[in-house]
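# fold the following and give me the result.
(chains A and B)
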There are 2 protein chains.
Amino acid sequence: AIRFLSKQRPERVRLLGDMLCREDFDLVLLQEVWSEQDYSDLKVKLGSCYPFSHYFRSGVIGSGLCVFSRFPILDTFLYQYSLNGYPYMLQHGDWFCGKSVGLVIIKISGIIFNVYVTHLHAEYCREKDAYLPHRLVQAWELAQFIRHTSKVADVVLLGGDLNMHPEDVGIRLLRGWTGLRDAFVEATHFEVSGRGRVGSQDTPRAPHLPCHLSQGCEDGCTLVPSNCFTVKSELLPFPLGIRIDYILYKAISNYTVKCEELKTTTGAVPGMDIPFSDHEAVMATLHIQRQGQAMDTTFGTAESALADVVTEARTEVGVGLRVAQRQRYSSGRMALLALLLLLLQAAAALGVLLGLDAGQPFPKLSFCLLAFLATGILLLATGLHLFHTMEVKMLHGTEEQMRMVLRALQERP
Amino acid sequence: AIRFLSKQRPERVRLLGDMLCREDFDLVLLQEVWSEQDYSDLKVKLGSCYPFSHYFRSGVIGSGLCVFSRFPILDTFLYQYSLNGYPYMLQHGDWFCGKSVGLVIIKISGIIFNVYVTHLHAEYCREKDAYLPHRLVQAWELAQFIRHTSKVADVVLLGGDLNMHPEDVGIRLLRGWTGLRDAFVEATHFEVSGRGRVGSQDTPRAPHLPCHLSQGCEDGCTLVPSNCFTVKSELLPFPLGIRIDYILYKAISNYTVKCEELKTTTGAVPGMDIPFSDHEAVMATLHIQRQGQAMDTTFGTAESALADVVTEARTEVGVGLRVAQRQRYSSGRMALLALLLLLLQAAAALGVLLGLDAGQPFPKLSFCLLAFLATGILLLATGLHLFHTMEVKMLHGTEEQMRMVLRALQERP
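Take a look at the predicted model:
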């Protein structure tokens, strides 16, 4: 829902508000609500059914993340990912959003829920994904943030647009390192509707197809060719669509969580010719039960598999590190060359001023344009050099953290 | 310890290494180790007495934070503050460090320690402190980070250069919102030496005075006029110096922590004419004892005082918000004016090209220089506008979080 850019935005935000009011979820996690005005409008509209809400601010545009809840929000916290694309990739724009993970803590019937909502860097080209290292750093930081902040929670929920296919290394890393389970995989029923649900919805960009809210898309896909806002050519290799929006969960203390049913929207809003969003919403009904002992056994039983995933992720981060180091080097060299050119020009100008230069003077206009160009390149290359220096630092730091974790995993009996 | 800039850096890093080896602390938290090479050198030198260590990478220069420990580091995590000065304040340079708080988790005799090391934005002018809102946002994020990540720890330790005087609103906010206690205030003995200690040291910038390692500075000051690296004129209103480096602590579960003794260095290294750093090191001996019930009662007993501090901090953040909004507005207007000028020039140039302009043509060189200037201003003002937009977002977000906390505090019985 980008202001001025996204098609039929006000209409779709209105439809979304209507649907959320009608469906009466317990908890709604939204992504890509870029306009704070849209959030405020939703907040007013949903005031009676979802009295508690929070919008997470970050970056130039905003994180796009917000939460609506039937139950009081006890606390919130935001973690902004250290890497999130490049400011000069204006056509991709991820950098300007300050992509983050938001945490809200809520209590329902005495059970403490740590609820995380996030939106990771988009994948613009699956064959040659230049952003893979950044998305992996984000997945790693997301996992670390969840691990470090959820230790006294009873139940952990994560909902959002992870921009990763179910078997991608990033999501395996996230699941392995946190012990979170995928509601779609665990769901007892898929494509049936129910009560007491958690909804995650990536809001809308640009419309029309038949829809059945009581059914889901095949394979739980959330980016489907039948949605009129999706780019059909990008989905050519995936005729059914792709699943990149998730609801993940785990119980930490003496509780069990089961996903009773999961559903997705399937294109246009009932009775309309546009869908809510370019992504289909994921809706889960979770059954939470108190019991004698914790069920969080996933983590302990799959340590060697986890070590493999961390190794794989570390390799990818290492590849990204090498690329960033090359970019840092070449931008630094470019800045140095521009500086040399400027110094040369300054020397020539000084020579002319002092009357030392006997030869043909350089044409003033070209001389001035060249100085202009050199200054521009110097500023740009210096900026790039600083940015890639930060990128190298963060990739290096993540790689080292992963190495530490691997060592710890290998040392365990 | 800035490479090429700080005076006698290699010598002071060597002296610091010697002292750390000799004193044999349990845990050492260093700030302003800007050069990774210095960290690596220290790591090699301290390998036998402190087998475990971690360096936190962030920003362009690096966070400067590192930890040396006699006990295994189980896990680490870094949180980079969302606001940290301005990239165009090159002479202050804080922005380039990517100021952060680092967390290391260690276990000593079965007791889990969450150890935090941090360095907040410097205060360059106490009378008119333009960075106060940023430092307050950092203090708030530090407190929130500690609260959310330390819930299962037995003991929480925080050491570092907070760049705040003991009664400043930021440190009161931090203490109030986390329940951390100030080792200097709590210390049973001050100016005596002992064993089993935690050291926090802001490493060195530029040298000479008598020193007594077994004694501390008056009032526990860590930035003292007698240190040859400090700027005397800045300390004129404080003849004894100021206390801006801290060791704070609390017990969370069934433990009590007491500060048995605290000491600081007092200028030059014994037998030398230079100190380790421009800041004096703080060294604490903590006594930790298991007991029946948690002692973390500070938080509950002082809620109305906490509400006052949060209100005060929120007011300051609000002042910063208004300034940032003005800066965002004026940089946006400047960018718009530069764009208009460029468009006007383009129209004029097009007029001349098409032969529409009958009058005297504008001199080429001046025309070109003006275009150069306008482009420069456009780029700069756009960059500033984006930066101040982010600043507004984060100040606004913090103000709102504080309002939420205040409401919760007021609603409590």
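# A:Val319: neighbouring residues, count only.
A count of nearby residues for A:Val319, using other Cβ atoms under 10 Å in any protein chain shown, gives 14. (Each C-beta comes from the backbone N, C-alpha and C, glycine too.)
# which of the helices or strands spans it?
If you go by DSSP states H and E, A:Val319 is part of helix A:303-353.
# so what does that helix touch, helix or strand wise?
Where contact means 3 or more Cβ pairs under 8 Å, 6 or more residues apart in numbering or on different chains; DSSP states H and E, helix A:303-353 is packed against helix A:132-149, helix A:169-178, helix A:364-411.
# export those to JSON lines and tack on mean neighbour count, mean pLDDT and distance to chain B?
Listed next are the helices and strands packed on helix A:303-353 as JSON lines, based on neighbours: other Cβ atoms under 10 Å in any protein chain shown; pLDDT from 0 to 100; distance: least, Cβ to the nearest Cβ, whole Å:
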{"stretch": "helix A:132-149", "mean neighbour count": "25", "mean pLDDT": "96", "distance to chain B": "4"}
{"stretch": "helix A:169-178", "mean neighbour count": "23", "mean pLDDT": "94", "distance to chain B": "11"}
{"stretch": "helix A:364-411", "mean neighbour count": "18", "mean pLDDT": "89", "distance to chain B": "4"}
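# can you lay out those helices as CSV showing distance to B:Arg57?
CSV is the format used below for those (distance: least, Cβ to Cβ, whole Å):
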stretch, distance to B:Arg57
helix A:132-149, 12
helix A:169-178, 20
helix A:364-411, 4
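# can you tell me the SS state at A:Cys259?
strand (DSSP: H, G, I helix; E, B strand; the rest coil).
# on that earlier part again, I'd like the average pLDDT over the helix holding A:Val319.
Averaging pLDDT along helix A:303-353 yields 92.
# tell me the residues of the stretch 101-250 of chain A that contact chain B?
A:103, A:144-145, A:148-149, A:151-152 (Cβ under 8 Å from any Cβ of the partner chain).
# re the thing from before, and the helix holding A:Val319, how far out from the chain's middle?
Centroid separation for helix A:303-353 versus its chain: 26 Å, with Cα atoms, centre = their mean, to the nearest Å.
# before we move on, what about stretch A:275-294?
Using Cα atoms, centre = their mean, the offset of stretch A:275-294 from its chain centre is 19 Å.
# ditto for stretch A:82-93
With Cα atoms, centre = their mean, you get 12 Å for stretch A:82-93.
# measure that stretch end to end?
16 Å (Cα to Cα, to the nearest Å).
# in that stretch, what counts as buried?
A:82-87, A:93 (16 or more other Cβ atoms under 10 Å in any protein chain shown).
# contacts for that stretch next, please.
A:61, A:94-99, A:121-122, A:124, A:131, A:133-134, A:137-138, A:141, A:384, A:387, A:391, A:394-395, A:397, B:58, B:78, B:80 (Cβ atoms under 8 Å, 6 or more residues apart in numbering or on different chains).
# what stretches of the stretch 151-300 of chain A score poorly on pLDDT?
Residues of the stretch 151-300 of chain A meeting the criterion pLDDT under 70: A:190-215, A:292-300.
# at 50 what do you get?
By pLDDT under 50, the low-scoring segments of the stretch 151-300 of chain A are A:192-197, A:204-214, A:296-299.
# closest point of the stretch 1-150 of chain A to chain B, which residue?
Nearest residue of the stretch 1-150 of chain A to chain B: A:Arg57, at 3.8 Å (Cβ to the nearest Cβ).
# show me what contacts A:Trp368?
Trp isn't right for residue A:368; it's Cys. Counting by Cβ under 8 Å, 6+ apart, A:Cys368 has contacts B:365, B:368-369, B:372.
# what does A:Ser150 give?
Residues counted as contacts of A:Ser150 (Cβ under 8 Å, 6+ apart) are A:114, A:156, A:252.
# go on, A:Leu342?
Listed by Cβ under 8 Å, 6+ apart, the contact set of A:Leu342 reads A:371, A:374-375, A:378.
# okay, now A:Gly160: neighbour count?
26.
# that one belongs to a helix?
No: counting by three-state DSSP, A:Gly160 is not found in a helix; it is strand.
# how close does it get to chain B?
The spacing between A:Gly160 and chain B, counted by Cβ to the nearest Cβ, to the nearest Å, is 19 Å.
# one more: A:Ser330?
When A:Ser330 is compared with chain B (using Cβ to the nearest Cβ), they lie 17 Å apart.
# wait, what's in contact with the nearest residue to A:Val392 once chain neighbours are set aside?
Counting by Cβ to Cβ, 6 or more residues apart in numbering or on different chains, the nearest residue to A:Val392 once its immediate chain neighbours are dropped is A:Ala324, at 4.8 Å. Contact partners of A:Ala324, counting by Cβ under 8 Å, 6+ apart, are A:133, A:388, A:391-392, A:395.
# most neighbours, which of the contacts of A:Ser150?
Neighbour max across the contacts of A:Ser150 (other Cβ under 10 Å) = A:Val156, 25 neighbours.
# can you confirm it is in a helix?
No: A:Val156: not assigned to a helix; according to three-state DSSP it is strand.
# isn't A:Arg403 right up against A:Arg314?
Yes: judged on Cβ atoms under 8 Å, A:Arg403 makes contact with A:Arg314 at a distance of 6.7 Å.
# surely the residue of the stretch 1-150 of chain A closest to chain B meets B:Met394?
Yes: in this structure, A:Arg57 is within contact of B:Met394 by Cβ under 8 Å, at 6.8 Å.
# enumerate every residue touching the residue nearest the centre of chain A.
Nearest to the mean C-alpha position of chain A, by Cα atoms, centre = their mean, lies A:Leu120 at 1.4 Å. Contacts for A:Leu120 (Cβ under 8 Å, 6+ apart) come out as A:81, A:99, A:135, A:138-139, A:142, A:160-164, A:170.
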